[in-house]
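> what shape does this take:
(2 chains)
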Protein chains: 2
Amino acid sequence: MKTINVGLIGLGTVGGGVIRILQKHHDDFVRDQDIDLNLVAVATRSPEKAELLGVTDIFFPDVNEVINHPDVDIIIELVGGTTAARDYVFAALEAGKSVITANKALIADCGHELMALAASKGAEIAFEASVGGGIPIIGPLRHTLAGNRILSVMGIVNGTTNYMLTRMGEDMLDYDTALKEAQAKGFAEADPTADVDGLDAAAKIAILASIAYNTDVRFADVPVEGIRNISPIDLELAQEMGYSIKLLAIANRTEGGIDIRVHPALIPLSHQLAAVKGVFNAIYVVGDFVGETMFFGEGAGSGAAASSVVGDLIEVARHMAYREQITQPVWDSEGLPIRSMDELETSYYLRLCVPDRPGVLAMTAQVFAENGVSIYSMVQKGTHDNSADLIYVTHKARESAIQATITGIKETGILTGEPVLIRVEGAEG
Amino acid sequence: MKTINVGLIGLGTVGGGVIRILQKHHDDFVRDQDIDLNLVAVATRSPEKAELLGVTDIFFPDVNEVINHPDVDIIIELVGGTTAARDYVFAALEAGKSVITANKALIADCGHELMALAASKGAEIAFEASVGGGIPIIGPLRHTLAGNRILSVMGIVNGTTNYMLTRMGEDMLDYDTALKEAQAKGFAEADPTADVDGLDAAAKIAILASIAYNTDVRFADVPVEGIRNISPIDLELAQEMGYSIKLLAIANRTEGGIDIRVHPALIPLSHQLAAVKGVFNAIYVVGDFVGETMFFGEGAGSGAAASSVVGDLIEVARHMAYREQITQPVWDSEGLPIRSMDELETSYYLRLCVPDRPGVLAMTAQVFAENGVSIYSMVQKGTHDNSADLIYVTHKARESAIQATITGIKETGILTGEPVLIRVEGAEG
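Predicted coordinates:
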């Protein structure tokens, strides 16, 4: 049996979960993995956390003492963000130490550089916990599904927004009420921007696209729309039409390159992703031989993310202990182009707030016709204040054409509110 | 780059899929895995298949020529069954060659011996395709989820029966019609015994239990009931009560050992597994830190199973090519006892065919009371021929108590048909 010594930076909820797993299952890992995983150094900006977790004896006030600790073989970085954490991870790799991280922002920002540095130092960087919390997804993509060309990745990868959309649909809560409820339950942060504006999901889909398509895709490459303008009426209308509304993170392999984006989408109730409720996450993957697969589980939370961190830790420790060859993720061997959002072709749900008077429907329909966008269905719903909602669902159309349609309708001056555009995904034909 | 030479035994649908993947993605594997996977020898009892697949130049009429071929590094066994295939796999491992197999019957029958032999020879045996077709499940259990103690594994692991139950529920098809439809579509074999009687599912859950619980569980250890006595009325009644009926393969870690079984079960429509329709499979796994996860995909079919075979092939080839340490699955490090089915405690759905006359309800209810089985609900449905269906749903009860209840009711002599007992799974409380 070999001993592998671990240093842990960051003692937040996930860090606490990692400590609990290493305590509870230490002897199981000895028995089943033939490895003695030994936590020998921790650092945190809040020393009281070290006390709460009972690790004051291995607490170091200076992060660098953990990174450069002569006994430490592997560094777990759970600080998060792209400022201090970036320095810690680069420093650890520079020192030739392998790194396990849950830091999606960092990997989506400079994963390529980190992997290149790790490779040059004979070290490893692993980040299963950066996407989908406890859900095994990076491992399966890299290993079990390695025989496939991946064609599509489509995920509900943000629990906060999925909880909010679920509650808005179930009880017709408005956005603000759903957000407050999520905050009260600890599912949303005081500043919910990263979640509700889709930024968290964008970082995650950039990472998944890099792994799935062997291409260096970064956070900044992902067009993103959040859920702030979704109303309960949209969820109600979608339901009537046989759809659910989900914030989807999408990356498809297409002829023209990688089609990548994050936005709310209508998805048929019969689609496996539509059954994913509340804070749960799921990632739907299509490969050219495996066909459809889906990976479901808890996308956040102390135990779930810690499960993925320790899964990575065991794998990296085995590589070190038993001279298994380090298998860096393939990140840029294909280097596909990223397709412009304008080239997207899908169906659209467009809700327009208009005055409830004759001629308005004709006027808006005319703009669809001028832009060559074919209408599949239209519903008109009166609202309380002499205005109406016109809800159009289109046949497949180009993103550029639907955007021109919206611009054209705005220019008629008849809209009494911001139009709501939601793309339709996962439907046949 | 290293070259790894592969021998393939069995050119059925999965074998054909493996050849197609190796042809289509050979260069991708060179680029991304740094391995030249080279098919150098095939054997099949039907030489015309070698011709159809365009591999006559590497065809050997004698399987042993493939197994003992001096260039062959890894053997893929896709013959199936426990007779000839058993000899081939033992012979290959004896010769020190690693083996990839999709053979659930073989692994569930003598996986322990195979792994011991592989370990003694420095070889490896991999079998991701033996459970869940293309769904990554053995890989995630062994690696990403390795930080957890697994608490529960519950799967829809047989596509034939899931297709039949789906169609029986959707269109009120009876068992025979659903079976004929499945056969016509190629989802069921001419002799459907292994599928409809749950034997296929029993082999798969034995394998999953061995991996999840570090215990040598075999096919013969699994109590099994198939779906032959399920009628459309059961699916209709279940739906009314908010349940779906699925053939579930279950293995739970309990205080008294491993609770393992295969039988039809009522599962709440809100449960993630209830949304798994048609020939799709899904495996729901609960770990002590990760919480709930689910793995969904195509459980059968040429491409899906071949995807898992090639995923294993790449991993084993990398181990060989780059001296990565071979990681044998942990199979018996815990050696838990297997709990008797009598100790099961769950709710039960029990449908009784009785004459439609006064006193019958009281007579049956009396037997429940005598056996200490508490009734949650009862519905009586008249049928066309002066008889009735009494449908009881119980509170949680012991399996031994419900079996005694059924025996007692039979002894009253009032039943006009075989009682239908379906266990309830996945419900709260």
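
> contact partners for residue A:314?
A:29, A:33, A:35, A:37, B:143, B:146, B:147 (Cβ atoms under 8 Å, 6 or more residues apart in numbering or on different chains). (Each C-beta comes from the backbone N, C-alpha and C, glycine too.)

> distance check, it against residue A:228.
40 Å (Cβ to Cβ, to the nearest Å).

> doesn't residue A:133 make contact with residue A:157?
No: taking Cβ atoms under 8 Å as the definition, residue A:157 is not a contact partner of residue A:133, at 9.1 Å.

> and for those two, which residues touch both?
A:281, A:299.

> below-threshold pLDDT in chain A: ranges please.
Where chain A drops to pLDDT under 70, the residues are A:323-331, A:384, A:428-429.

> ok, now how distant is the residue of it most remote from its centre from chain B?
Within chain A, residue A:358 marks the point farthest from the mean C-alpha position, 44.3 Å out by Cα atoms, centre = their mean. Here the criterion is Cβ to the nearest Cβ, to the nearest Å. By it, residue A:358 lies 44 Å from chain B.

> may I have the secondary structure class of that residue?
For residue A:358, the assignment made with DSSP: H, G, I helix; E, B strand; the rest coil gives coil.

> contacting residues for it?
By Cβ under 8 Å, 6+ apart, residue A:358 has no neighbours at all.

> element containing the nearest residue to residue A:420 once chain neighbours are set aside, please.
Leaving aside its sequence neighbours, residue A:420 sits nearest to residue A:351 (Cβ to Cβ, 6 or more residues apart in numbering or on different chains; 4.3 Å). Per DSSP states H and E, residue A:351 falls inside strand A:345-355.

> buried ones in that strand?
For strand A:345-355, burial by neighbour count (16 or more other Cβ atoms under 10 Å in any protein chain shown) applies to A:346, A:347, A:348, A:349, A:350, A:351, A:352, A:353, A:354.

> what do you get for stretch A:64-80?
So for stretch A:64-80, counting by 16+ other Cβ under 10 Å, buried means A:66, A:67, A:69, A:72, A:73, A:74, A:75, A:76, A:77, A:78, A:79, A:80.

> that one near chain B at all?
No: remark: stretch A:64-80 sits outside contact range of chain B, by Cβ under 8 Å from any Cβ of the partner chain, the gap being at least 12.1 Å.

> residue A:68 and chain B: what is the separation?
Following Cβ to the nearest Cβ, the distance that separates residue A:68 from chain B is 27 Å.

> run through the residues that contact residue A:307.
A:17, A:21, A:134, B:144, B:145, B:147, B:148, B:287, B:289, B:290.

> phi, psi for residue A:114 please.
Main-chain dihedrals, residue A:114, degrees, to the nearest 10: phi -60, psi -40.

> surely it is in contact with residue A:90?
Yes: Residue A:114 is in contact with residue A:90 according to Cβ under 8 Å; the separation is 7.4 Å.

> looking at the two, which is more packed in?
residue A:114 (22 against 16; other Cβ atoms under 10 Å in any protein chain shown).

> that older thread, report the two of the buried residues of strand A:345-355 separated the most.
Greatest spacing in these, by Cβ to Cβ: A:346 and A:354 (24.0 Å).

> related to what we said a few turns ago, now, among the contacts of residue A:307, which is nearest to residue B:335?
residue B:148 (18.9 Å).

> assign residue A:295 to helix, strand or coil.
strand.

> CSV for the contacts of residue A:314, including neighbour count, distance to residue B:334 and secondary structure?
Formatted as CSV, the contacts of residue A:314 follow (neighbours: other Cβ atoms under 10 Å in any protein chain shown; distance: Cβ to Cβ, whole Å; DSSP: H, G, I helix; E, B strand; the rest coil):
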residue, neighbour count, distance to residue B:334, secondary structure
A:29, 21, 13, helix
A:33, 23, 13, helix
A:35, 20, 17, strand
A:37, 23, 18, strand
B:143, 23, 18, coil
B:146, 24, 14, coil
B:147, 30, 16, coil
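
> I'd say residue A:222 and residue A:206 touch.
Yes: counting by Cβ under 8 Å, residue A:222 does reach residue A:206; the two are 5.5 Å apart.

> what do those two both touch?
residue A:260.

> state the helix or strand in which the residue of the stretch 251-400 of chain A at minimum distance from chain B lies.
Nearest residue of the stretch 251-400 of chain A to chain B: residue A:310, at 3.1 Å (Cβ to the nearest Cβ). Per DSSP H and E: residue A:310 is located in helix A:302-321.

> using CSV, list the CA coordinates for that helix.
Once non-C-alpha atoms are left out, helix A:302-321 reads as follows in CSV (Å, rounded to 0.1, in the frame of the first residue of the first chain):
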residue,chain,number,x,y,z
SER,A,302,-21.5,19.8,-0.2
GLY,A,303,-21.6,16.0,-0.5
ALA,A,304,-22.3,15.8,-4.2
ALA,A,305,-19.4,18.1,-5.3
ALA,A,306,-17.1,16.5,-2.7
SER,A,307,-18.0,13.0,-4.1
SER,A,308,-16.6,14.1,-7.5
VAL,A,309,-13.5,15.7,-5.9
VAL,A,310,-12.7,12.5,-4.1
GLY,A,311,-13.4,10.4,-7.2
ASP,A,312,-10.7,12.5,-9.0
LEU,A,313,-8.4,12.3,-6.0
ILE,A,314,-8.5,8.5,-5.9
GLU,A,315,-7.8,8.4,-9.6
VAL,A,316,-4.9,10.8,-9.5
ALA,A,317,-3.5,9.2,-6.4
ARG,A,318,-3.6,5.8,-8.1
HIS,A,319,-1.7,7.3,-11.0
MET,A,320,0.9,8.6,-8.7
ALA,A,321,1.1,5.5,-6.4
